[in-house]
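In: just coords:
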C-alpha cells in the first residue's frame, strides 16, 4: 500500500486512529499498518479516549463496534461514531466487528460509517484497500475542485 511517500515529515504523515478494547487485536492491527505504510498511528481502548484526542484531526478512524470489554458503561462503537460525526463529520470512520450480520453493517452505515469490516484473518487486507480508496477518492476530489475552480 503506497499511500504515503517516503521522505514526508512526521506532521504530513497520514494520521490513523485505531479504537478497540481487544488489546491483542488492536496491537496486531497497529503492527500491520506500521509495516505496510508510513502512518502516524494512535491507539485507544475506549471511544472516550478517542474523543479526547479528536482535536488531533485524524485522517481515518478504525473503530470497533463493541467497546464494552474494559470499562463498564463505556460508549459503544455506534455512540462513538455518532459523537465523531457530530464533531468532525468529514473524518471517514470504518467500523469493525466480529459480528457477520447484515443488520449490524446496515446500522453502522446509517450512522455515517464509511464502511464496515468483519474481524477475520483477512480484515487487515480489507482495511488496507478501504484506506487506499479513501485517499484515492480525496485526491480525485482535490483535482476535480482544482479544475472546477479554473473554469
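Out: Yep, it's here. Quick caveat: nothing in here was measured; it's all calculated off a predicted structure.
In: Can you give me the buried ones in the lowest-mean-pLDDT helix or strand in the chain?
Out: Lowest by mean pLDDT, DSSP states H and E among the helices and strands of the chain is helix 123-149, with a mean of 90. Residues of helix 123-149 classed as buried: 123-124, 126-128, 130-131, 134-135 (neighbour count, 16 or more other CB atoms under 10 Å). C-beta: built from backbone N, CA, C; applies to glycine.
In: got CSV for those, with distance to residue 112 too?
Out: CSV is the format used below for the buried residues of helix 123-149 (distance: CB to CB, whole Å):
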residue, distance to residue 112
123, 21
124, 23
126, 19
127, 18
128, 22
130, 15
131, 17
134, 14
135, 19
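In: Among those residues, give me the pair with the biggest separation.
Out: Of all pairs drawn from those, the one with the largest separation by CB to CB is 123 and 135; the distance is 19.0 Å.
In: For this structure, which residues score under the pLDDT cut-off?
Out: Along the chain, the model assigns pLDDT under 70 to residues 1-12.
In: Can you show me the strands along it?
Out: Taking DSSP state E to define them, one finds strands in the chain at 14-19, 39-44, 60-64, 93-97, 115-118.
In: Mean neighbour count, those: which tops it?
Out: strand 60-64 (a mean of 25; mean count of other CB atoms under 10 Å).
In: which strands and helices sit next to that strand?
Out: In terms of contacts (3 or more CB pairs under 8 Å, 6 or more residues apart in numbering; DSSP states H and E), strand 60-64 is packed against strand 14-19, helix 47-52, helix 77-87, strand 93-97, helix 123-149.
In: got the angle between that strand and strand 93-97?
Out: Put simply, strand 60-64 runs at 20 degrees to strand 93-97, going by axes from the mean of the first three to the mean of the last three CA atoms, to 10 degrees.
In: Before I go, just wanted to say thanks for your time.
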